[in-house]
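# next input, structure requested:
(chains A, B and C, ligands or ions: 1)
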Amino acid sequence: MTSELISLTAAETASKVASGEVSAVEVANAHLDRIGAVDERVHAFLYVDREGAIAAADAVDKARAAGEQLSPLAGVPLALKDVMTQKGIPTTCGSKILEGWRPPYDATVTARLKAAGVVILGKTNMDEFAMGSSTEHSAYGPTHNPWDLDRIPGGSGGGSAAAVAAFEAPLAIGTDTGGSIRQPAAVTGTVGVKPTYGAVSRYGLVALASSLDQAGPCSRTVLDAALLHSVIAGHDPMDSTSVTDPVPDVVGAALRADVKGLKIGIVRELGGEGYQAGVRQRFDEAVTILEGLGAEIVEVSCPHFPYALAAYYLILPSECSSNLAKFDGVRFGIRVGEGDGDPSIEQVMGRTRAAGFGDETIRRIMLGTYALSAGYYDAYYGQAQKVRTLIQRDFAAAFAQADVLISPTAPTTAFKLGEKLDDPLAMYLNDVATIPANLAGIPGMSLPVGLAPEDGLPVGLQIMAPALADDRLYNVGAALEAALLQTWGHPILQEAPSL
Amino acid sequence: MSTSTADAVVPYDEVVAEFDPVLGLEVHVELGTNTKMFCGCPTEFGAEPNTQVCPVCLGLPGSMPAVNATAVESAIRIGLALNCKIATWCRFARKNYFYPDMPKNFQTSQYDEPICYDGYLDVDVETDEGMKTFRVGIERAHMEEDTGKTSHQGGATGRIHGADYSLVDYNRAGIPLIEIVTKTIEGTGKYAPEVARAYVTALREILRGLGVSDVKMEQGSLRCDANVSLRPSPDAKFGTRTETKNVNSLRSIERAVRYEMTRQAAVLRAGGTIIQETRHWHEDTGITTSGREKSDAEDYRYFPEPDLVPIAPDPAWVEKLRSELPENPAVYQARLQAAWGISDFDMMAVVRSGALDLVAETVALGADQAAARKWWVGELTRIANDRAVELTELPITPADVARVEALVGEGALNDKLARQVIEGVLAGEGSPDEVVAARGLAVVSDDGPLLEAIDAALAESPDVAEKIRSGKVAAAGAIVGAVMKATRGQADAGRVRELLLERLGVSE
Amino acid sequence: MSETPSISREDVAHLAKLARIDLPPESLDHYAEQLAVILGAVAQVSEVAADDVPATSHPLPLVNVFREDVVRGSLTAEEALSGAPSVESDRFRVPRILDEE
Ligand SMILES: [Zn+2]
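Numbering: from 1, shown residues only, chains lettered A, B, ... in the order given. This next block holds a predicted model:
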């Protein structure tokens, strides 16, 4: 029974709960048991809220019993990335500096999940403050890829992706600043969507880079992602950068799954050199499938994409150096070094930040501080913002030729834990294909397109659409997913070794 | 570091003979909005610590700002009243520096794109050659947020130095501020202190007239920093300036500028150099002391606030706000002065006491302007000073004063009784009519009792009666006084005199 | 171009001071080296963007997002202070402050 419940999709679970075939509490317990059984090895979770989860599930069951109309994801368990605040529940952002902090408020995403009857199981591991592509920069130890426990699950949202891949939860919330939803999805064989910038409220999402951050769904199927997307998206007056346009019909698009006559652009600059052979092979096969489904494949060029990584690694550290200034040991979080001598607050802040932040966080704060400094602003931050304009123009030109763009999500499959830890630049290259979408604010999805023949590890394909046209991702993604499922005969995660 | 030892100073007339002062004034105004700049917390003064805070103004992780529409409107109205241009597109920026009273360790402010820029304010100053108008250029007026309040514990003085630790209350953090920065003010010569004071006075009147702030300097809702420098002559390049903070009354502005001029002159005269620094004004001793040195290395790493979107005020909105601006206080004053037909000196007295609106309202309710001024600028200003409150905070309204004056006009009250009625109103005994009734105050207007009293008084002093009869009218005062005493002041002295002379068959 | 900018120990110490991070002296060289490499790599942004290219600070062209001036609920003092490392008399307690405002 348990193994059946955890392998259901979110859509299936919701319908079984709604019909009374299973109770939400049974579903929650099945997942809590799974977490108990495997998470010691996967380490997807930083905190499991057993009590809260059961209470939320119980409330759904009671509502059903009372004849209330249940929302489409009522009773479905979810893993929440530890970068989202949840009232009274520890929120660390993978950082020591927030150890023990229990926020006095819910993020808008958290509040919407609760209101929809989604059962929040706990908080997932991540690179500290979402900086990283491997989840190795968590102060609480790395998450392990369920496909191979010696490998990284991607990052920064490695915990969310691994939880979904390891059947600890059918759904998870991720956040994506440069690929932190899509790249973990790619390397764990799951689906991850970064919606249009501003489509999902950032209120309560602990900011890394405010102009790039965007929360989105992680799941095992495109339809499940769409269902979660429609629960969390929508205008929020608490987030002044949130869009007021209506949420596109992403669920309808996922159900439509028809690419006939659609123009799909392959981005020349994203692929080829630097991309693992097996990644390229599975990508090319997917292109053939899409063509077979009636899509028109065109090649487009985005000449400024090679500069996206550089612009990103100026904009992100700049914004992050300011966003992370509030972590000073005064109002929340840990305080370090107060008893050592008779220190001033200035010294205590300095000690707290030195002890509370990890290496990569300090590196990026320093980089951002440098880039914003008088005398360097124009050469670095100012120039990076101009490159951003050029990237947007590239996308505009490309979308004039194609309805959606596609590329491999990440250049390689999951690498070994520790492999790139001492080489920040090599680590940064993991996001080379995902970063342009963040710089331009457009939506992107990663979905699994098979296993690389050389290592048997999942490969992800990225779909990008114009801003506010998130529904196109779901339409194309669902069509490709259905065709692949037919080829494979079963969901790809069934090929993962059992834990 | 800061000491309270007074620096050497040069007598003021020697300073202005040797040097030319240059000023710059930065005024911070706390807006009287219902809520803070970026969150929905209330802004009431004096609440219990940390009860008017939320994740946003506490800078908790994950929180995001949302701009208060009324604050933006107030900023634009202030800009328009100061003859500024209104930006067609502007942004907020982050000013990054660490300080425990600033929850996010950056202040959300405006940097190179202020909402209002390039305006001016004309101010009048009494000079040796009579009243002279100085034009003070306005560089910019921009929106930002206030900081929390820190109280220093332990140590002897409660000041920052020597304190053992500090306690922070963030109720004030995030209250909307408008910072109004002047261009450099040159050409004032020896009137620099007066111009500084006149500028802040005029600015305060404008802000009060706009109703955007309660402009209470003593509560910190209007704060002034004065930049002062000296140079050998008006064609020399600017000297190094100091920035004097904590100047919290109109009088202090004038004093602080004057003091800083005399101090800098002493340094320069002795061959020293002025250090670019923040200085603190001490109201009690009338001096400034050295604060933090402002090094050029200060690097706020400004960049556009990524959590907020740009502001592009609709020109039609701006024009609507412009058309709805209240009359400029200077024009308003000139108009009232002409209507009342009073001298510059008398008008200045009304303005200085902050009674202009009160007097105008009292007159509008039918009182004579001289009587209205007499009450507000004289008696009531004295009482307000005694109670250390603003004139407007006294529990008496222009309507009350106008009613008292009406009763005087009807002859129902005389001067002395009127004063008692005012006292009663201030004591919370009710409206003037209620006070009159309750205290039984009324001029005895029936001639019968007066004649009785007159006869009694004449009988008491037959010799005086004789003097009056013989034509020494001046002697009537004694009898009138006796009658007034007998009627406990409730008689109309003029009427008593009339009746008395009539009784004795004498004419004036 | 993309020549490696030189970042000295002193530069790192200055940045650390601005960023209020009390770095151990022995780590300064390490950060100097890494920052120089990263800056060398990202400096290529100056190769592409011409002067006439406007800067984009925000991915979507939103303007004039305002909130009505209406009071919303605040936290209680207890909630506000709940996460603080040190509290006294309903205020956040901090060690003595060196700098003046
Ligand atoms: Zn607030």
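
# what's the closest non-adjacent residue to B:Leu80?
B:Arg322 (5.0 Å; CB to CB, 6 or more residues apart in numbering or on different chains). C-betas here are computed from N, CA, C, even on glycine.

# list the contacts of the closest residue in space to C:Asp22 that isn't next to it in sequence.
Nearest residue to C:Asp22, sequence neighbours excluded (CB to CB, 6+ apart): A:Gly350, at 3.3 Å. Residues near A:Gly350 by CB atoms under 8 Å, 6 or more residues apart in numbering or on different chains: C:20-22.

# count the neighbours of the residue of the stretch 1-150 of chain A found nearest the ion for me.
Proximity of the stretch 1-150 of chain A to the ion (CB to the ion) peaks at A:Tyr105, 11.1 Å away. The local packing of A:Tyr105 (other CB atoms under 10 Å in any protein chain shown) involves 21 other residues.

# mind checking what secondary structure it has?
For A:Tyr105, the assignment made with DSSP: H, G, I helix; E, B strand; the rest coil gives coil.

# point out where the chain drops to low pLDDT.
Assuming you mean chain A. Applying pLDDT under 70 to chain A flags the ranges A:1-2.

# please go with chain C instead
Confidence mapping of chain C against pLDDT under 70 gives the ranges C:1-4, C:99-101.

# redo that, cut-off 90
Where chain C drops to pLDDT under 90, the residues are C:1-6, C:43, C:45-52, C:57-58, C:60-61, C:73, C:98-101.

# residues in it within reach of chain B, list them.
Counting by CB under 8 Å from any CB of the partner chain, the residues of chain C close to chain B are C:18, C:20, C:57-58, C:62-77, C:80-81, C:83, C:88-97, C:99-101.

# where's the spatially most central residue of chain C relative to B:Arg469, distance?
Centroid-nearest residue in chain C: C:Ala19, 6.4 Å away (criterion: CA atoms, centre = their mean). Per CB to CB, to the nearest Å, C:Ala19 is found 100 Å from B:Arg469.

# again, but for A:Pro77
Separation of A:Pro77 from B:Arg469 (CB to CB): 114 Å.

# who has more neighbours out of the two?
In this view A:Pro77 and B:Arg469 are compared by other CB under 10 Å, and A:Pro77 has more residues nearby, 32 against 13.

# hmm, the more buried one is touching A:Ala172, no?
No. Applying CB atoms under 8 Å, one finds A:Pro77 not in contact with A:Ala172, separated by 9.6 Å.

# count the neighbours of A:Ala437 for me.
By the measure other CB under 10 Å, the count of residues near A:Ala437 is 32.

# what residues are up against it?
Contact analysis of A:Ala437 by CB under 8 Å, 6+ apart lists A:194, A:443-444, A:464.

# same thing but 7 Å
Contact analysis of A:Ala437 by CB atoms under 7 Å, 6 or more residues apart in numbering or on different chains lists A:194, A:444, A:464.

# still on that earlier bit, that's a helix at the residue nearest to C:Asp22, yeah?
Yes. Looking at A:Gly350 with three-state DSSP, it is inside a helix.

# list the contacts for the residue of chain C found nearest chain B?
Proximity of chain C to chain B (CB to the nearest CB) peaks at C:Arg72, 2.9 Å away. By CB under 7 Å, 6+ apart, the residues touching C:Arg72 are B:Gly40.

# how much space between it and the ion?
From C:Arg72 across to the ion, the span is 8 Å (CB to the ion, to the nearest Å).

# was I right about B:Met347 contacting B:Ala338?
No. Using CB atoms under 7 Å, B:Met347 is not in contact with B:Ala338, being 9.8 Å away.

# which one's more surrounded, those two?
Using other CB under 10 Å as the criterion, B:Met347 and B:Ala338 rank with B:Met347 on top: 18 against 10.

# pLDDT value on the more buried one, please?
pLDDT, B:Met347: 89.

# so how many other residues sit close to the residue nearest to it when sequence neighbours are not counted?
Excluding the flanking residues, the one nearest B:Met347 by CB to CB, 6+ apart is B:Gln337, at 4.5 Å. Residues contacting B:Gln337 under the criterion other CB under 10 Å number 18.

# wait, B:Gln337 sits on B:Met348?
No. B:Gln337 is not in contact with B:Met348 according to CB under 7 Å; the separation is 9.7 Å.

# angles on the backbone of the residue nearest to B:Cys39 when sequence neighbours are not counted, please.
Once flanking residues are discounted, B:Cys39 sits nearest to B:Val56: 3.7 Å by CB to CB, 6+ apart. Backbone geometry at B:Val56, expressed as degrees, to the nearest 10, gives phi -70, psi -60.

# contacts only, for B:Val56.
B:Val56 neighbours (CB under 7 Å, 6+ apart): B:38-39, B:63-65.

# intersect those residues with the contacts of the ion.
Restricting the contacts of B:Val56 to those touching the ion (CB under 5 Å from the ion) yields B:Cys39.

# looking at the contacts of B:Val56, which one is closest to B:Ala459?
If you rank these by distance to B:Ala459 using CB to CB, B:Cys39 comes first, at 80.4 Å.

# tally of neighbours for the closest one?
Using other CB under 10 Å, B:Cys39 has 26 other residues around it.
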